[in-house]
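Novice: Just a sequence and a predicted model for now, questions to come.
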Protein chains: 2
Amino acid sequence: MSRTEVLSRTEVLSRTEVLSRRRLLGTAGATGLVLGAAGAAVGYAARPAEATPLTSLGADQVMFHGKHQPGILQGLQARGHVVAFDLAAGAGRKEAAALLRRWSETARRLMAGEAAQQDDTDVARDSGPSALTITFGFGHSFFARTGLEKQRPVALDPLPDFSSDQLDKARSNGDLWVQIGANDALVAFHALRAIQKDAGNAARVRWQMNGFNRSPGATSHPMTARNLMGQMDGTRNPKPTESDFDARIFVPESGSKDPAWMAGGSYAVVRRIRMLLDDWEQLSVKEQEDVIGRRKSDGAPLSGGTETTEMDLEKTDKAGNLVVPINAHARITRPDQNGGAAMLRRPFSYHDGIDTDGVPDAGLLFICWQADPLRGFVTVQRKLDRGDALSKYIRHEASGLFAVPGGAAEGGYVGQGLLEG
Amino acid sequence: MSRTEVLSRTEVLSRTEVLSRRRLLGTAGATGLVLGAAGAAVGYAARPAEATPLTSLGADQVMFHGKHQPGILQGLQARGHVVAFDLAAGAGRKEAAALLRRWSETARRLMAGEAAQQDDTDVARDSGPSALTITFGFGHSFFARTGLEKQRPVALDPLPDFSSDQLDKARSNGDLWVQIGANDALVAFHALRAIQKDAGNAARVRWQMNGFNRSPGATSHPMTARNLMGQMDGTRNPKPTESDFDARIFVPESGSKDPAWMAGGSYAVVRRIRMLLDDWEQLSVKEQEDVIGRRKSDGAPLSGGTETTEMDLEKTDKAGNLVVPINAHARITRPDQNGGAAMLRRPFSYHDGIDTDGVPDAGLLFICWQADPLRGFVTVQRKLDRGDALSKYIRHEASGLFAVPGGAAEGGYVGQGLLEG
């Protein structure tokens, strides 16, 4: 496989809309970069006078303000938290607006490596922002609770039931949703606590989950990420360089059925997908490859080539059998087999220890982004539901659907167009 | 504070006994290093022919063989798992010996960046070993189950009860204990699954916990690690450069009351210490500093100086009050206040999501190493139990004590001296 043929999702995404502080300061960004007043030291009044030298991982900074919120196009981060809140009894539109304003200011500060507005816990002290992103969304139930039903997007209508669902409602949906990602676990935890503290009396945590991806630098092999089944995951993700990328992932400025406040936004489908690893790992590599339709070693289609080679859906072996089985996961999920349905998958793996009998509570915090969940996630999931070979080895345990507005303008906050519209 | 005065624990430890593959190959270790047959590609037969270029984080390799096991002196890793096993009914000394042989071979292979012996899950494929360490220990109950009571160290006698304990027995102790650490979460998970698979019918998981530390490169500030209270943690850790370090941490070759098979070994005390963060974060920084006895910003004693300045225990303010309060945590835990008791703390933070009412299930997977738990952990914990200001803000929820033998010789396995002695 030629390395130039392969562009990992992380690489592609990290080239877009990401402002690295290293790049800002015009250095190639190895080690020893000393930051001045604009650096990570801002806000920590008691920090020693010397500036903190940040190495490349810590120095990576993603901009909070922009057309889109930051946790969609940013490359996969090593650590993630997702958390849903419900508004407290008595809290309405006014309290929600104040909360989103607080949250946005916290996100802006922490993503710049600054301390929180008040009572910073110091957990991220000494660290750079480490590519921290904080991203906010609204669930279906938010709109009735705030008297904003008329602003509720049709796209937030509840997802259909799928036969393979075993959903825990207590860990599904919610009024508000926050996605946090960073390449350092303490930076991510620090942000989670700050977001929770900001909620104050306005909202309380409904559910919260943790996830992870590979650490930057663990490999420089130009391959797509692997999941806890050992499979490469994300090969067919749409790429920002593709001409229809924006139309598939983001709500346009006009001409869609979405409310105006969703311009530049996207819809996130969040699924906690348990992997039944004990069953999966009993399969041979050949059997696993037939389930997926791709080679495990390098992600190439079973019909041949490299990871990025088009899958030959009609290719047969000498016995006349399809080389890529009819129920292979990668066959069923191909956009050209689903009316062009596409979503940007940007997951975290999760592992919450071990259940009874030594079974790992582990799998994928599947998060996908699309302009229209009915044309993205629902279309593909309906088809998977009817005959995906992978379905025997996974279980959807929780589900959320959230409207994630466009990014905040300078001085503004996320959701302002909704809450002050 | 002058940077030259401060040596972080991680820095100190990573200079000892750690063989970085980058160093082996004589490069400064940025990116683009291409490994040959001795590199991480060994064992993955189906891996593409091109060698995998590893960046610095992935390329770090710790040696499995040596005088001590690898997870004691190695610097803090970004991700960790601890897991305890109980021998299965009917399994005895013979099965335990075979298991330790399998485990040692798996540890040797994975720490070298190779695939597992059989049925590798491919989860760590494409990654370097990322400073992976796998370390094995024996609990008190192991010895009766294997007919080896006469070989059981006195040091494994159960820890005394402490008044602040609220221990969950199901998550405490166990016949066998494995500590896994790596700077990449998928590499660590991969190792955990391989270790669990190796257990086969010989042992089953009793409990398992996950933890984390800061990612390499998130900061290059030469400070000690912080914990989830935002405190620097580990300032007074003994350092391998100190003349009595080995005597405090490791069982000597001879002259101790320990059995011969523990030569070069150490005793690990493992405590799951929940942090009551909601209470802690309601304190002002001044109140937190009085609880700890050190400045939160830089870890300096409240009596003045820098992180490494000796604490002045007698210093008083104008009103005649002790500057370092009498019940301050850092005062009570000072070795010179505890008959020289010293242990090497090498913890992970943990965060397992959120309990009811939004309370985080988070704190410290406290792991400390010492030649004698009675002179190390027990001495200090007894004193803390009588009047540590920090005790209001933490809760010990699980506890383990394990005998961790010395490292395996080439061709040997961990615990061979016990199991074939």
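Specialist: Okay, I see it.
Novice: Count the residues that sit near the spatially closest residue to residue A:168 that is not a sequence neighbour.
Specialist: Ranked by CB to CB, 6 or more residues apart in numbering or on different chains and with sequence neighbours excluded, the top spatial neighbour of residue A:168 is residue A:398, at 5.2 Å. In short, each C-beta sits where N, CA and C put it, glycine included. Here the number of neighbours of residue A:398 (other CB atoms under 10 Å in any protein chain shown) works out to 22.
Novice: wait, does the longest helix that chain A contains contact chain B?
Specialist: If you go by DSSP state H, chain A has its longest helix at helix A:93-111. No - on the criterion CB under 8 Å from any CB of the partner chain, helix A:93-111 is out of touch with chain B, staying 13.7 Å away.
Novice: Report the buried residues of that helix.
Specialist: Residues A:93, A:95-111 are the ones in helix A:93-111 that count as buried (16 or more other CB atoms under 10 Å in any protein chain shown).
Novice: go on, stretch A:413-421?
Specialist: Applying 16+ other CB under 10 Å to stretch A:413-421 flags A:413-419 as buried.
Novice: Next step: the residues you listed restricted to strands.
Specialist: Judged by DSSP state E, the buried residues of stretch A:413-421 include no members of strands.
Novice: Mark which of these are part of helices, please.
Specialist: Using DSSP H, the buried residues of stretch A:413-421 in helices are A:416-419.
Novice: Could you tell me the angle between whatever helix or strand residue A:195 lives in and helix A:93-111?
Specialist: Here residue A:195 is covered by helix A:185-199, with elements defined by DSSP states H and E. Calculated by axes from the mean of the first three to the mean of the last three CA atoms, to 10 degrees, helix A:185-199 forms an angle of 160 degrees with helix A:93-111.
Novice: on that earlier part again, may I have the beta-bridge partners of the residue nearest to residue A:168?
Specialist: In this entry, residue A:398 is beta-bridged to residue A:272, by DSSP bridges.
Novice: quick one, what contacts it?
Specialist: A:167-168, A:171-172, A:207, A:209, A:270-272 (CB atoms under 8 Å, 6 or more residues apart in numbering or on different chains).
Novice: Quick check: the residue nearest to residue A:279 when sequence neighbours are not counted vs residue A:170, distance?
Specialist: Excluding the flanking residues, the one nearest residue A:279 by CB to CB, 6+ apart is residue A:393, at 5.7 Å. The gap separating residue A:393 from residue A:170 is 25 Å, by CB to CB, to the nearest Å.
Novice: Looking at these two, which has the bigger crowd around it?
Specialist: Shown here are residue A:393 and residue A:170; by other CB under 10 Å, residue A:393 has more neighbours (22 against 10).
Novice: That one reaches residue A:278, doesn't it?
Specialist: No - using CB atoms under 8 Å, residue A:393 is not in contact with residue A:278; the gap is 9.8 Å.
Novice: From the chain's centre, how far out is the helix holding residue A:195? Work that out for me.
Specialist: Helix A:185-199 has its C-alpha centroid displaced from the chain centroid by 17 Å (CA atoms, centre = their mean, to the nearest Å).
Novice: quick one: is it near chain B?
Specialist: Yes - counting by CB under 8 Å from any CB, chain B is contacted by helix A:185-199 at A:185-187, A:189, A:193, A:196-197.
Novice: Now do the strands in chain A.
Specialist: A:33-34, A:53-54, A:79-87, A:133-139, A:176-182, A:203-212, A:266-275, A:344-345, A:348-354, A:360-370, A:394-404.
Novice: mind checking which of the ones you listed is nearest residue B:130?
Specialist: strand A:203-212 (12.9 Å; CB to CB).
Novice: now for the helix holding residue A:195, which elements pack on it?
Specialist: strand A:79-87, helix A:93-111, strand A:176-182, strand A:203-212, strand B:348-354, strand B:360-370 (3 or more CB pairs under 8 Å, 6 or more residues apart in numbering or on different chains; DSSP states H and E).
Novice: let's go with 7 Å and repeat that
Specialist: With contacts defined as 3 or more CB pairs under 7 Å, 6 or more residues apart in numbering or on different chains; DSSP states H and E, helix A:185-199 has these neighbours: strand A:79-87, helix A:93-111, strand A:176-182.
Novice: Pull out the buried positions in that helix.
Specialist: By neighbour count on 16+ other CB under 10 Å, the buried set for helix A:185-199 is A:185-199.
Novice: Name the member of the residues you listed with the shortest distance to chain B.
Specialist: residue A:185 (4.0 Å; CB to the nearest CB).
Novice: Can you tell me the closest non-neighbouring residue to that closest one?
Specialist: Residue A:185's closest residue in space is residue B:212 (CB to CB, 6+ apart), at 4.0 Å.
Novice: Assess the claim that the one you found and residue B:347 are in contact.
Specialist: No - using CB atoms under 7 Å, residue B:212 is not in contact with residue B:347; the gap is 10.4 Å.
Novice: more neighbours, the two?
Specialist: residue B:212 (28 against 22).
Novice: so the more buried one bridges to which residues?
Specialist: residue B:79, residue B:349.
Novice: quick one: contacts for it?
Specialist: A:185, B:78-80, B:348-349 (CB atoms under 7 Å, 6 or more residues apart in numbering or on different chains).
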